[in-house]
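Novice: here are the coordinates; sequence isn't available:
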């Protein structure tokens, strides 16, 4: 059985169907990318896994337990941590508080001090800014804080939604390097990205989404060479 | 001059107590984003709870506080859980569900009149309490001891709630939920439980305010109404959701009420309070200490 | 003739510079597309033109009149209409009601408004759904409604904000023809879009921005080959094949 | 699905609710009953006073019915129809309309709050229903030229007149001249009415008014007002208060150790049974003007109070006694009218000269109405709250002939 | 038969019933209750222009009732001007006040707007309670004003029986309903609704949302004040605590929210439910179990909001349509 298994789910936003009969799997220890243009349903997929949306049919299971249609706070208890698009830091709280609140769940809260050190090692910049309000951080720092907050939860699987969004290339590189590091330390990563090159090159496997359906899948390297990717993006 | 000092002291003391009565309102608004029109009624319930504890056991009012506050916490906790939560679930995507205003107003009618039905319309006050009528006399200046104790309690309570929000795990979760409830749930925070807790804290604050009032105030079923509108004005003046704002808003009102009558008829101070309220609202709609947010 | 001219537009949010002295010119009757990766500042540009934001620096001219301090409703009255990326229909009302709300810009008579609205709906092959509540429409229909509503204000320039997002391929094709039809009726179109296939099919001219700066401009075919553009989209190190 | 269910539920609930009312439709008045409509505040801020009035009426009605009802009407029983005004004029008017038109009451009585009684007089006049007002002191109630209104209690000009007469007497009796007066009153119809009279009387009596202060009844802190009293240098303080503010004001005056020669209150809140309980020793030496007091020297008064106390766990108050008396006045008029014709009842009421009977436990010899419908004999009693060994109690002190034996008023207070 | 025809027939039937009620309901009490029901439906309909169509929550509308009531009463008592004329004068004063209140407050959102309107309402009540005279006008401060019930007649807007009042308020209600119906079908109605549902989209369509709301507020305060005069002439006694009261403002808003904001029928449905609940429960329980009637009122508010948070108008019209389609139109299909 797979670590995370999504089986033929259909998801609606109100009356609008966004995901069509979608299936995919993530194995333990893998880095899996989901790439695709805007509106392809990538974020919706993550939101469905983390319980913010419920599929109307199909099943999501994690470590052989059915997890779909459970409240988001329950999903966190399973060890599935979602770092949402646009960082969504708690703007009026300090960086450190944001990190601490990441460790709200029972598994993580006993190890706060230790994990926070790890996060600071990964992103030394956060250490410098720990007492600043999150709203005063730059875009790159906010992204670091958001990922750091995800790590604080001791995820079994970390789901990142567009971590490179709006970042300058130089910062983007830092972020991707950090993601690689997180994966190397043993956390399974499910990455939703627009930046095909960076995400595919650090992923073990990847899925290409179009219109709420998987149109391609394969290893990161394979897909990187696939000309269809460029077509999907540039429409040629 | 000495009169002015006396009035200012009284204004600050009574104002702090007003701040305390409004504290729960601001906490509940800050987290749930609803105006709790039943807040005055919760204060009234708190006064009855304190009254019965003190008259039944004969203990010092401020010891009763440690019994009344937890009772009120659970009262608020389950009130939100049973009556208000279903509305939140039904109106998930509405930031400020107007329906909750109606529900809390319904609660107000129910609580006030249930009390009337059960306990009758009599006015009660606790005769044998250690604080009744105690006055501190410094030269020509009189300071009411129960008000002083109330003001100190108000400051301690505000500080305690502030520290709870700043320093504890649950407090941080409450703040996180108030900033962004969806992302908070991604941290593993059950927002509805947080709402219960916030409502519980708000109610407990009303309970504490009630305990500080009973040594010198009378208790009757509609007593909450007297504090209701005042509470709204205080929290908007100070900034909805701000603890410091509630305390300072309370003190401003206390000062107007205390100093104003020396220059005019005391019925006019009410009008001044409304005038100031509107003025602040126009100049700085988020209140004196509110954070500018798109409510 | 230029219908819209952006001159050194800069927009700061706090410390963040979302748009950095951008110059764009739109000629009467053309379809100009503004593209760029997520977060490049497209929506900000859009909102500056539409009067939602006041640019930190620079000027915007519409039909040679300076408009960068105008209120959205006044812009609309001068002939500049827009759609929203996240559609904003009046959900509790019917399609016809939605469109009529817009036709009232040019008339006060309910009869004329209704007639005009029906004409617009006819034009967009939408008449059969005129009595459907907007809340019950599919996303494709909502996007179409969004355009129909904007067109009902009889604009000279139409700003389209990602009208294809969330559509299926066949629906994208329909939308492309709808937009072409709009252009053929004499309306200039400024469009932000992600779906490249549509952009390539539609645009007369494309402007590409990244980090708020223009990195390329040209015909669709030129843009598709532009190295900078491909890199901007697919990542810096994407090997061009 | 859920929606359907909830709609059904809602409908069932509403329907059940409506049905419940429909079925329990108004009772038909039997031929042998006289229906009396009572409008009183049973909820809202004056609920406490409404309750006293209701108890007193219940007691009187039971006594009369047990004694055989109205004999001239073949032993007709009195039947009370109560209505809650919530102290709101508009509710009072609605209820009056209902009592007269639907309940078909023969006589109307109430409403305690002058602000409610006043508009209700117009309703009663319109339908020609006799309206017996036990207590509502506003002068204007009987000064509209209405022929249906009969008031038992004194009107506010009499209250204020007696307050000043009392003050003059006290000055003489104890040789303690008073110069400076302070008026503090609730900012409503009642308080404003008193204050207007006070000002005139003070001018006439040669007093200096050092403070004229209305305050909102809903005040949560009265210490600013108390400070003003203290600083005004007043010797005598005259008050009109509702219950909650009377209690608060009394306690605050004590807290600030305000030294006055006398405090003269005007019933209402100061006469509320909860007042002494809630103020304790702080209310000692207060003077309060009321229609009646438990220690009155009148046969039957003590017994009536004991009976009332046993039934309702509180003492009779002026408000309660007037309500009690009102029922007996009505009974008397009915006996003489021998008919339920409104005109006959009004005629009988106008000719009232009630001198004895269980209801006549008031201080004056008889109830007689003048041409405006005002009980011309209505007299008032000044009491002083004091502790003479049995805890704080209300002791009659004025007029002198009503003074409790062996008690000397304390004047000045300190 | 078409649906439109059925609707028309139903409407005519309703009107017929409404106009003939006084012929068979002889009890003045029930007429009184009905008059107040119409009065509240009228107020709520006027409120609905702002609170419903424009999508904000004003909680201070009693101010306009008070202005209307006081203006016409003072003019008629002190200057002998017919209340009918005073009614119009009061409405214009209310209109000006409405605009003054609206200018700063309409920019506020949600809770702030609601609280600001409460403060305006209460502030004006406090002022009226503290002012005995404005120049030559005697407003009698906290003591209220009684209108002597002596000069009955149409010119004096005063009648001995209930029936004239019944027809006046019924006609006023029909007129205001027609007016809101027309407004809801006019440019202003479309603009208000657009601004209420999606202000951003509305602005992009050339709608000056603030201006539309201001217009609505002006009309609403004008209409509300007219009812104030009716109230004064009907109860013949006005008092700051009755016509300027928060309770009145709340009740207007409740009726609208329970019935369904922003629909023409909502206020009628809300008044049909809440007024009887409030009156009948007070009549039946008020004397034995003090306060129980308000408990019932509170419970009804909570129950409706729990089960139908958007008000009763939606499910009821759905049921109505279903009945018509299934029961009456089935032969046609």
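Specialist: It's in. Here the structure is a predicted model, which is why all the values come from computation and not from measurement.
Novice: what's the single longest helix in chain B?
Specialist: helix B:2-32 (DSSP state H).
Novice: How far off centre is it?
Specialist: Centre-to-centre, helix B:2-32 and its host chain are 9 Å apart (C-alpha atoms, centre = their mean, to the nearest Å).
Novice: With stretch C:177-195 instead?
Specialist: 8 Å.
Novice: and that stretch, which residues are buried?
Specialist: For stretch C:177-195, a neighbour-count test (16 or more other C-beta atoms under 10 Å in any protein chain shown) marks C:178-179, C:182-183, C:187-195 as buried. All C-beta spots, glycine's among them, are computed from the backbone N, C-alpha and C.
Novice: Could you list which of those residues belong to helices?
Specialist: C:178-179, C:182-183.
Novice: Quick check: which of the residues you listed are also close to chain D?
Specialist: When C-beta under 8 Å from any C-beta of the partner chain is taken as the criterion, no member of these contacts chain D.
Novice: which one among these gets closest to residue D:184?
Specialist: Closest approach to residue D:184 among these (C-beta to C-beta): residue C:182, at 76.3 Å.
Novice: burial of residue C:175, as a residue count?
Specialist: By other C-beta atoms under 10 Å in any protein chain shown, 22 other residues sit near residue C:175.
Novice: and the strand or helix carrying it with chain A, contact?
Specialist: Element membership for residue C:175, per DSSP states H and E: helix C:169-184. Yes: counting by C-beta under 8 Å from any C-beta, chain A has neighbours in helix C:169-184: residue C:169.
Novice: For that helix, which outside residues touch it?
Specialist: A:211, C:29-31, C:123-124, C:140, C:143-144, C:147, C:151, C:158, C:160, C:163-164, C:167, C:189, C:191, C:195, C:197-198, C:201-202 (C-beta atoms under 8 Å, 6 or more residues apart in numbering or on different chains).
Novice: if you set the cut-off to 6 Å instead, what comes out?
Specialist: Contact partners of helix C:169-184, identified using C-beta atoms under 6 Å, 6 or more residues apart in numbering or on different chains, comprise C:31, C:140, C:164, C:189, C:195, C:198, C:201-202.
Novice: How about stretch E:278-294?
Specialist: With C-beta under 6 Å, 6+ apart, stretch E:278-294 has contacts from B:109, B:113, B:116-117, D:21, D:42-43, D:82, D:84, E:33, E:296-297.
Novice: Just give me the closest of the buried residues of stretch C:177-195 to chain A.
Specialist: Nearest to chain A among those: residue C:194, at 3.9 Å, using C-beta to the nearest C-beta.
Novice: Need the phi and psi values for that closest one.
Specialist: Per-residue torsions, residue C:194: phi -100, psi -30 (degrees, to the nearest 10).
Novice: circling back to that earlier point, I'd like a version of the buried residues of stretch C:177-195 in JSON lines, one that adds pLDDT and distance to residue E:20 as further columns.
Specialist: Shown next, in JSON lines, are the buried residues of stretch C:177-195 (pLDDT from 0 to 100; distance: C-beta to C-beta, whole Å):
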{"residue": "C:178", "pLDDT": "87", "distance to residue E:20": "56"}
{"residue": "C:179", "pLDDT": "89", "distance to residue E:20": "60"}
{"residue": "C:182", "pLDDT": "88", "distance to residue E:20": "57"}
{"residue": "C:183", "pLDDT": "89", "distance to residue E:20": "62"}
{"residue": "C:187", "pLDDT": "91", "distance to residue E:20": "58"}
{"residue": "C:188", "pLDDT": "93", "distance to residue E:20": "63"}
{"residue": "C:189", "pLDDT": "93", "distance to residue E:20": "61"}
{"residue": "C:190", "pLDDT": "92", "distance to residue E:20": "63"}
{"residue": "C:191", "pLDDT": "91", "distance to residue E:20": "62"}
{"residue": "C:192", "pLDDT": "88", "distance to residue E:20": "63"}
{"residue": "C:193", "pLDDT": "82", "distance to residue E:20": "64"}
{"residue": "C:194", "pLDDT": "75", "distance to residue E:20": "65"}
{"residue": "C:195", "pLDDT": "74", "distance to residue E:20": "64"}
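Novice: thinking again about what came up before, out of the contacts of stretch E:278-294, who's near chain C?
Specialist: Counting by C-beta under 6 Å from any C-beta of the partner chain, nothing from the contacts of stretch E:278-294 sits close to chain C.
Novice: Drop anything exposed from those.
Specialist: So, by 16+ other C-beta under 10 Å, the buried ones in those are B:109, B:113, B:116-117, D:42-43, D:82, D:84, E:33, E:296-297.
Novice: how far away is the closest residue to chain E within the stretch 151-295 of chain B from residue B:45?
Specialist: In the stretch 151-295 of chain B, the residue that lies nearest chain E is residue B:274 (3.2 Å; C-beta to the nearest C-beta). The gap separating residue B:274 from residue B:45 is 27 Å, by C-beta to C-beta, to the nearest Å.
Novice: Residue C:187 now?
Specialist: Applying C-beta to C-beta to residue C:187 and residue B:45 gives a distance of 64 Å.
Novice: Next: residue D:121.
Specialist: Relative to residue B:45, and taking C-beta to C-beta, residue D:121 is found at 39 Å.
Novice: The most centrally placed residue in chain A: what secondary structure?
Specialist: Nearest to the mean C-alpha position of chain A, counting by C-alpha atoms, centre = their mean, stands residue A:160 at 1.7 Å. Assigned by DSSP: H, G, I helix; E, B strand; the rest coil, the conformation of residue A:160 is strand.
Novice: show me what contacts it?
Specialist: A:83, A:191.
Novice: Three-state assignment for the closest residue to chain B within chain A, please.
Specialist: Of the residues in chain A, the one nearest chain B is residue A:76, at a distance of 3.3 Å by C-beta to the nearest C-beta. Judged by three-state DSSP, the three-state class of residue A:76 is helix.
Novice: Please identify the nearest residue in space to it, excluding sequence neighbours.
Specialist: In space, and not counting its chain neighbours, residue A:76 is closest to residue B:188: 3.3 Å by C-beta to C-beta, 6 or more residues apart in numbering or on different chains.
Novice: pretty sure that neighbour contacts residue A:105?
Specialist: Yes: using C-beta atoms under 6 Å, residue B:188 makes contact with residue A:105 at a distance of 3.9 Å.
Novice: So for the two, which sits in the more crowded spot?
Specialist: Higher neighbour count among residue B:188 and residue A:105: residue B:188, with 25 against 20, using other C-beta under 10 Å.
Novice: Burial check on the residue of chain A closest to chain B, number of neighbours?
Specialist: 27.
Novice: Pull up the gap between it and chain E, please.
Specialist: Noted for residue A:76: a distance of 29 Å to chain E, by C-beta to the nearest C-beta, to the nearest Å.
Novice: close enough to count as contact, that residue and residue A:105?
Specialist: Yes: between residue A:76 and residue A:105 there is a contact under C-beta under 6 Å: 5.1 Å.
Novice: what phi and what psi does the backbone show at residue 226?
Specialist: Going with chain A. phi -70, psi 120.
Novice: In the chain, where is pLDDT below threshold?
Specialist: Just so you know, I chose chain A. Chain A contains residues with pLDDT under 70 at A:1, A:15, A:38-39, A:166, A:230-236.
Novice: if you could check chain B rather than the one you did, that'd help
Specialist: Filtered on pLDDT under 70, chain B yields the residue ranges B:92-96, B:290-295.
Novice: In it, which residue sits nearest chain A?
Specialist: In chain B, the residue that lies nearest chain A is residue B:188 (3.3 Å; C-beta to the nearest C-beta).
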